[in-house]
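Undergrad: could you work out the structure for the sequence below:
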Amino acid sequence: MTVDTSLAINDHISRILLRYFRNAFHVEVGTPRVDLRRDMELLRFHWSISPALRDLTNYIAANRHETQSFLTFRTRIDSGAIRGRLDARATMIRHILTGNTAETVTSEPIRSFATGPNHVVAWVLQQAWLLSGRFLSLLPEATGYRLAVEDGAKRLEQVRKIEAIRTAMAETNVAHRPGKGSLQEAARSRRGMYRLAHRAFMELTAIEAGDLSVIERMLRSTLLGPLEEWQRFELAVGLGLAESLEDRLGTRAAFNVLQGESKEPIARIGRFSIFWQSRSPFYVEPEPEPTEQVVQKIISAYGMQASSDRPDLVVADMEAGNIVAVIEVKFFGGDAEDKMDRVRAATAQVVRYSRG
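TA: Got it, this is the predicted structure:
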């Protein structure tokens, strides 16, 4: 059986791709590896840009006539007035408890935009709106995820302008999830808006419950990462380093978000930090050797600058203030490549980096 190398790499580094807040592109995944406890908030963020939310907002925008209020009832206690259907039993109990025979307990009919299946729609939209806002607050400008979140937020804002939706969302507290009756009404409704809202709600609850089949399906549509396969392979090696240190030290790794040109490590494990494509805080530019001086002169003659030292991966002991490993990663993508030449180049680069 042949293995799709690119797919295997993407699956392996899914936890890092969830945090890859740089310029990114859609990547194919099969069975992505995630840590449900540590990655759950990021998975909720992805739900807010998932096809289930996109289908719901697009449908509401195209079918505004399906939004409407619902007739419901609320209990009122008044003195000397009857504002709805009299609840005789509750009224008698009230008289006994209070001694006030003028009080009545009634069920008053009211119009509500946030009850029944409308509660499902409003809750889903309000939750997605809050998650999108938190997601955007983490993202730098001009990143793949930011474009996706802004696109989803734009559709949500368009839907929020509909009066019935705006009123329903204003009445909805996301801390109070739709009940079983509201969900059943939404699922059985003839209106597509309610069925789509029910689908989005059930997908979120399945994600929160750790349903890997739902998570995998969602991430196949939402997960982004570096364009080049060799970059993703470097991240796979970095993840392997972090997991090995976890096992050796008995300490769980803390994975950072990768945003912009940040010099933050991709992971911290106890006293150790792993840096990817960036110099560590302890780097000192080494004096060029004679052959390097000649190379610099030749490059300068062409009006170019020599490339800076930037190891693929560096493991630093942050407490001791030194480097414990310098790693150069080479990815071989085809039989036509001179693999040994790539290894020679990597050896020279590691020696150069180590001098710094």
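Undergrad: okay, CA-based contacts and neighbour counts for the rest of this
TA: Will do.
Undergrad: and the strands in this structure?
TA: Across the chain, reading from the start of the chain, the strands by DSSP state E fall at 20-21, 25-26, 70-79, 85-86, 103-112, 224-225, 254-255, 258-259, 267-269, 272-276, 313-317, 322-327.
Undergrad: run through the stretch 151-300 of the chain and note the low-pLDDT ranges.
TA: Per-residue confidence for the stretch 151-300 of the chain (pLDDT under 70) gives these ranges: 284, 286.
Undergrad: do the same with the stretch 1-150 of the chain
TA: Along the stretch 1-150 of the chain, segments meeting pLDDT under 70 span 1-3, 68-75, 80, 108-114.
Undergrad: what do you get if the cut-off is 90, keeping everything else the same?
TA: Applying pLDDT under 90 to the stretch 1-150 of the chain flags residues 1-5, 23, 63-119, 140-144.
Undergrad: was I right to think Glu208 contacts Met40?
TA: Yes. Using CA atoms under 8 Å, Glu208 and Met40 qualify as a contacting pair, with a distance of 7.1 Å.
Undergrad: returning to that earlier point: quick one, which of the strands of the chain gets closest to His12.
TA: With CA to CA, the closest approach to His12 among these belongs to strand 224-225: 12.4 Å.
Undergrad: and that closest one, which strands flank it?
TA: Pairing partners of strand 224-225, with direction, according to DSSP bridges: strand 25-26 (antiparallel).
Undergrad: quick one: the partner strand to chain centroid distance?
TA: From the chain centre to the centre of strand 25-26 is a distance of 14 Å (CA atoms, centre = their mean, to the nearest Å).
Undergrad: how about residues contacting it?
TA: Strand 25-26 is contacted by residues Gly144, Ser221, Thr222, Leu223, Leu224, Gly225, Pro226, Leu227 when judged by CA atoms under 8 Å, 6 or more residues apart in numbering.
Undergrad: stretch 94-104: how far from the chain's middle?
TA: On the basis of CA atoms, centre = their mean, stretch 94-104 sits 55 Å off its chain's mean C-alpha point.
Undergrad: now it: buried residues?
TA: Of the residues in stretch 94-104, those with enough neighbours to count as buried (16 or more other CA atoms under 10 Å) are Arg94, Glu103, Thr104.
Undergrad: now swap in stretch 288-303 and tell me
TA: Of the residues in stretch 288-303, those buried under the neighbour-count criterion (16+ other CA under 10 Å) are Gln296.
Undergrad: likewise for stretch 45-55?
TA: Residues of stretch 45-55 classed as buried: Phe45, His46, Trp47, Ser48, Ile49, Ser50, Pro51, Ala52, Leu53, Arg54 (neighbour count, 16+ other CA under 10 Å).
Undergrad: output it as PDB, nothing but the C-alphas.
TA: Only the C-alpha atoms of stretch 45-55 are listed here, as PDB (Å, rounded to 0.1, in the frame of the first residue of the first chain):
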ATOM      1  CA  PHE A  45     -12.600  28.700  16.300                       C
ATOM      2  CA  HIS A  46     -12.500  26.500  13.300                       C
ATOM      3  CA  TRP A  47     -16.200  25.600  13.800                       C
ATOM      4  CA  SER A  48     -17.000  29.400  13.400                       C
ATOM      5  CA  ILE A  49     -15.600  29.300   9.900                       C
ATOM      6  CA  SER A  50     -16.800  25.800   9.000                       C
ATOM      7  CA  PRO A  51     -19.100  24.900   6.000                       C
ATOM      8  CA  ALA A  52     -22.000  24.400   8.500                       C
ATOM      9  CA  LEU A  53     -21.800  28.100   9.500                       C
ATOM     10  CA  ARG A  54     -21.200  29.200   5.900                       C
ATOM     11  CA  ASP A  55     -24.200  27.300   4.700                       C
END
